[in-house]
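A.B. asks: Task: produce atomic coordinates for the following.
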Amino acid sequence: MRILLLFCLVFASSFQYVPVNPCRLILEEMIVGIQNMNTYEFKVESKELVDGEYLRSVAEVKAQNVPFRIYMKIVTEEKGPEILYDEGKRDGDVLITPNGFPYFNLKLNPDGWIMRKDRHHNIKTAGFHYVAGMMEWSQRTAGKNYDRYFKYLGDTVYNGQDCHVLMIDVFDFRFVDYTVQKGERIDRIAERMFLNDYMIVDKNPDVDDFKDVREGQVIKLPSAYGRKIVMFIHKQQLIPYYQEIHDEKGVYESYSYEYIRKDAELTELDFSPDNPEYGF
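C.D. replies: Residues are numbered from 1 along each chain as shown. Modelled structure (predicted):
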């Protein structure tokens, strides 16, 4: 009995309680919640660094994940453009009404430079599902540095909402050499590795757009989506109400959300150019 008791004490003492990083719990709940969310509405203010200046835009958005459809109205201006993308329709193009010059609807390739010029993101990554995928990838690839990267900074009230404050501090962030393979494009490389394709073009002076690479060319890729990411995640909804992404110099982009409505009752009319409330 004494030997058994001694064995139990030694066995128990070999196991120590290791606290779980709260970031892991919060992000895992956030990821699952977003993945299960099919329709939603929100208002977003974006600030993106372009040619040394921050370009600001405010948009009202309706989104559906499966099939992926999105309606966006730019409200920064008095009567800004409206954008409609419906996966599988219009030959994959985006429908745009400028609500001004040139006074007719446009169909543009969502991956093209005309559509993406001065914009950090493709409309197909708008909404929260891309954020969930990027956070899932970041956690999976953090490895032994997880607790050094992911930090819980406490609570805050943002736009009247109680939020968790998380920071992903990629202390060893750097730009690394990458040899372009046959058939690759900047945006496809970024999509596969959850990197910011606009940042890749921005940081490679010899690259002018997302297709301007050739097999065997050596380019610089960021080792992570950003040098630092700060997120305010709503405590009940578990959706990011604020995201701030840094490059190696400072704030590269930020996104502030309001009026998020999960599981919104959206209909076919919400994603149709025939909606009488739209300007198409």
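
A.B. asks: Just the residues contacting stretch 210-220, thanks.
C.D. replies: Stretch 210-220 has contacts (C-beta atoms under 8 Å, 6 or more residues apart in numbering) with 111, 113, 116, 175-187, 197, 200-201, 203-204, 206-207. Bear in mind the C-beta positions are built from the backbone N, C-alpha and C, glycine included.

A.B. asks: which ones among those residues are found in helices?
C.D. replies: Using DSSP state H, the members of these that fall within helices are 113, 116, 186-187, 197, 200-201, 203.

A.B. asks: Present these as TSV; the columns should include neighbour count and distance to residue 100.
C.D. replies: Conversion of these to TSV gives the following (neighbours: other C-beta atoms under 10 Å; distance: C-beta to C-beta, whole Å):
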residue	neighbour count	distance to residue 100
113	13	22
116	21	20
186	22	31
187	19	28
197	23	28
200	23	32
201	21	28
203	16	33
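
A.B. asks: Residue 271: which of the residues you listed is nearest?
C.D. replies: Using C-beta to C-beta, the shortest approach to residue 271 within these belongs to residue 116, at 21.6 Å.

A.B. asks: I figured that closest one hits residue 109, correct?
C.D. replies: No - counting by C-beta atoms under 8 Å, residue 116 sits too far from residue 109 to count as a contact (9.2 Å).

A.B. asks: For the residue nearest to residue 246 when sequence neighbours are not counted, give me the pLDDT.
C.D. replies: Excluding its sequence neighbours, the residue lying closest to residue 246 (C-beta to C-beta, 6 or more residues apart in numbering) is residue 228, at 4.1 Å. Listed pLDDT for residue 228 reads 98.

A.B. asks: And for residue 15?
C.D. replies: At residue 15, the model reports a pLDDT of 52.

A.B. asks: show me where the protein has helices.
C.D. replies: Listed in chain order, the helices of the chain (DSSP H) span 2-13, 22-35, 113-116, 129-142, 146-149, 186-193, 197-203.

A.B. asks: Return the most buried member of the ones you listed.
C.D. replies: Each of the helices of the chain was scored by mean neighbour count; the highest is helix 197-203, a mean of 21, by mean count of other C-beta atoms under 10 Å.

A.B. asks: So what's the gap between that helix and the chain middle?
C.D. replies: Offset of helix 197-203 from its chain centre (C-alpha atoms, centre = their mean, to the nearest Å): 15 Å.

A.B. asks: got it, and stretch 233-251?
C.D. replies: The chain centroid and the centroid of stretch 233-251 are separated by 10 Å under C-alpha atoms, centre = their mean.

A.B. asks: Just the C-alphas of that stretch, formatted as PDB.
C.D. replies: Output for stretch 233-251, consisting of C-alpha atoms alone and laid out as PDB, is shown next (Å, rounded to 0.1, in the frame of the first residue of the first chain):
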ATOM      1  CA  ILE A 233     -13.700  40.700 -30.500                       C
ATOM      2  CA  HIS A 234     -17.200  41.100 -29.300                       C
ATOM      3  CA  LYS A 235     -17.700  39.100 -26.100                       C
ATOM      4  CA  GLN A 236     -21.200  37.800 -27.000                       C
ATOM      5  CA  GLN A 237     -21.200  37.700 -30.800                       C
ATOM      6  CA  LEU A 238     -17.500  36.600 -31.000                       C
ATOM      7  CA  ILE A 239     -17.000  38.700 -34.100                       C
ATOM      8  CA  PRO A 240     -14.100  41.200 -34.500                       C
ATOM      9  CA  TYR A 241     -15.400  44.700 -34.300                       C
ATOM     10  CA  TYR A 242     -12.000  46.200 -34.900                       C
ATOM     11  CA  GLN A 243      -8.900  44.900 -36.700                       C
ATOM     12  CA  GLU A 244      -5.600  46.800 -37.000                       C
ATOM     13  CA  ILE A 245      -2.800  45.300 -39.100                       C
ATOM     14  CA  HIS A 246       0.800  46.500 -39.000                       C
ATOM     15  CA  ASP A 247       3.600  46.000 -41.400                       C
ATOM     16  CA  GLU A 248       7.300  46.400 -40.400                       C
ATOM     17  CA  LYS A 249       6.900  50.200 -40.300                       C
ATOM     18  CA  GLY A 250       3.500  50.800 -38.600                       C
ATOM     19  CA  VAL A 251      -0.200  50.600 -39.200                       C
END
